[in-house]
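Student: the following block contains a protein sequence and its predicted model.
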Amino acid sequence: MQVYRVGGAVRDRLLGLPVKDHDYVVVGARAEELLSRGFQPVGRDFPVFLHPVSHEEYALARTERKSGSGYTGFVVHADPEVTLEQDLARRDLTINAMAEGADGLLLDPYGGEADLRAGLLRHVSPAFVEDPVRVLRLARFAARFGFQTAPETAVLLQQLVQSGELDHLVAERVWQEFAKGLMEARPSLMIRSLRESGALAVILPELDRLFGVPQPPLHHPEVDSGEHVLLALDLAAEEGASLAVRWAVLLHDLGKGLTDPADWPRHHGHEQAGVPVVSAVCERLKLPAALRELAELVCLLHLQIHRLAELRPSTVLKLLERADAVRRPDRFAELVQACRFDAQGRTGLQQRAYPQQAQWLELQQAARAVDAGAVAKACAKPQAIPQAVHDARLQAVSAILAAQRSGATG
Ligand SMILES: Nc1ccn([C@@H]2O[C@H](COP(=O)(O)OP(=O)(O)OP(=O)(O)O)[C@@H](O)[C@H]2O)c(=O)n1
């Protein structure tokens, strides 16, 4: 039997990137042979084994044929006759369809190395369309490497989307790939790729709708609502923001997609209008509560967070309470950070100061520093405690606001 290193490890080595996982293909062997050498079977659907010592993945060379709709409808054929070329042919992109022998020689029957050098994402064979997840995979590789899609692959992607195959993807699969793409270096390129193929209109129509929706040029020199969101998202990625923050930034302006075109470029009330849309998207994708809650808060509160200088002390405290800032300081910090990406994710405004971030954190700390226990002890009646704590926090917040506004702090 012959063993070849394949897939992402070969690609990343050629790119000079650190290699995380090594995957191997075994040609000319049967499952029994690997089992007798101590390999552990792991694949339920595929003939995949773990090496007895390194625990790296070894898969028997296989071909796959589509037998039905969706991700699971495959007939797998693995036997010692399947060649390396056949195994590589079932893979998604040429840059992922290279192999390396034990002698270190590159085996590249589909021109992956040339495409790597040219920065091209090109499908290996028409069988690409058999797995709709690949629309998302390609988009996240675009976000990772900044590569272009080969023209013939772009046509294929559009056909795949038009065929309705994306509808068969379960929410978990969509989110798994989408979240990985959001964590890449330039997540905007994933969104652009998904837009070009028409996939964004299927998996996230609420975001797709923002493209072509204008905003006032005075506050948004980039004008287009979708372009603004992408600028803010890339800024969040540049600064290494968490997945929750990137997701919240991506969704913060969904309400602008609901504005009556007669009112453009203004979007009065888009924050409140956007919240149910954000909630519905998060539910459809079956996201954990933490991701949904931060996205809802950023959507609802971003304008007020920007406008700190205009808010009364009681409104500031109300916002802190709405965001549960006293009990959830880390989430509050993420909320304010996401708002900064919104403020700076605008053409020509990336460098503008956003003193609101430090000021809100100072206000939140002041509200937290109030000793609720001591305030409660000083109350004669238990029913007076909530109001007394509220009043004490209001006093603390007012003092900080006064200092910030006189220029003494913040
Ligand atoms: N839907 C898929 C998933 C995987 N593959 C193939 O299986 C290999 C391994 O897949 P995976 O580990 O998911 O991806 P990597 O390419 O290693 O990328 P990453 O760096 O994101 O892990 C890929 O290189 C590709 O050849 C594929 O063709 N189609």
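Tutor: Yes, it's here.
Student: low-scoring stretches of the chain, by residue?
Tutor: 69-73, 408-410 (pLDDT under 70).
Student: which one of the residues in it is closest to the ligand?
Tutor: The chain approaches the ligand most closely through residue 8 (2.3 Å), counting by Cβ to the nearest ligand atom. Heads up, the C-betas are built off the backbone N, CA and C, glycines and all.
Student: how near is that residue to residue 361?
Tutor: 40 Å (Cβ to Cβ, to the nearest Å).
Student: count of neighbours near the closest residue to residue 138 other than its chain neighbours?
Tutor: Excluding the flanking residues, the one nearest residue 138 by Cβ to Cβ, 6 or more residues apart in numbering is residue 121, at 5.4 Å. Look at residue 121: counted by other Cβ atoms under 10 Å, it has 24 neighbours.
Student: residue 121 contacts residue 150, doesn't it?
Tutor: Yes. With contact defined as Cβ atoms under 8 Å, residue 121 reaches residue 150; the gap is 6.5 Å.
Student: mutual contacts of these two, please.
Tutor: residue 115 (Cβ atoms under 8 Å, 6 or more residues apart in numbering).
Student: so how far is the biggest helix by length in the chain off the chain centroid?
Tutor: In terms of residue count, the longest helix belonging to the chain (DSSP state H) is helix 385-405. Its chain's C-alpha centre and that of helix 385-405 lie 37 Å apart, by Cα atoms, centre = their mean, to the nearest Å.
Student: other SSEs contacting that helix?
Tutor: helix 313-322, helix 356-369, helix 372-377 (3 or more Cβ pairs under 8 Å, 6 or more residues apart in numbering; DSSP states H and E).
Student: give the buried residues for the second one.
Tutor: When burial is assessed from 16 or more other Cβ atoms under 10 Å, helix 356-369 yields the following buried residues: 356, 357, 359, 360, 361, 362, 363, 364, 366, 367, 368.
Student: could you list the domains of the chain?
Tutor: 2-115, 204-405 (automatic domain parsing).
Student: and residue 174, which of those is closest to it?
Tutor: The closest of the domains of the chain to residue 174 is domain 204-405. By Cβ to Cβ, the value is 6.5 Å.
Student: ends of the closest one, how far apart?
Tutor: With Cα to Cα, to the nearest Å as the measure, domain 204-405 spans 41 Å from end to end.
Student: contacts only, for residue 99.
Tutor: Here residue 99 is in contact with 4, 5, 6, 10, 25, 84, 88, 106, 107, 108 (criterion: Cβ under 8 Å, 6+ apart).
Student: what about these, which are in strands?
Tutor: Those of these mapping onto strands are 4, 5, 6, 25, 106, 107, per DSSP state E.
Student: reformat these as CSV; add neighbour count.
Tutor: CSV is the format used below for these (neighbours: other Cβ atoms under 10 Å):
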residue, neighbour count
4, 22
5, 20
6, 25
25, 21
106, 13
107, 17
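Student: nearest to residue 304, of the residues you listed?
Tutor: So of the ones in strands among the contacts of residue 99, ranked by how close each gets to residue 304 (Cβ to Cβ), first place is residue 6, at 52.2 Å.
Student: may I have the beta-bridge partners of that closest one?
Tutor: On the basis of DSSP bridges, residue 6 is bridged to residue 23, residue 99.
Student: you'd agree it is up against residue 26?
Tutor: No. Contact criterion Cβ under 8 Å: residue 6 and residue 26 do not qualify, at 10.3 Å.
Student: how about the contacts made by residue 183?
Tutor: Counting by Cβ under 8 Å, 6+ apart, residue 183 touches 237, 243, 246.
Student: so who does the second one touch?
Tutor: This means residue 243. 179, 182, 183, 291.
Student: hmm, the second one is touching residue 247, no?
Tutor: The one in question is residue 182. Yes. Applying Cβ under 8 Å as the test, residue 182 and residue 247 come out as touching, 6.5 Å apart.
Student: more crowded one of those two?
Tutor: Each of residue 182 and residue 247 has its neighbours counted (other Cβ under 10 Å); residue 247 has more, 28 against 24.
Student: among the contacts of residue 243, which are in reach of the ligand?
Tutor: Applying Cβ under 6 Å from any ligand atom to those, one finds that nothing falls near the ligand.
Student: which residues of this structure fall in strands?
Tutor: Using DSSP E, strands in the chain cover 2-6, 23-27, 40-41, 48-50, 57-60, 63-66, 74-77, 99-100, 106-107, 120-121, 148-149.
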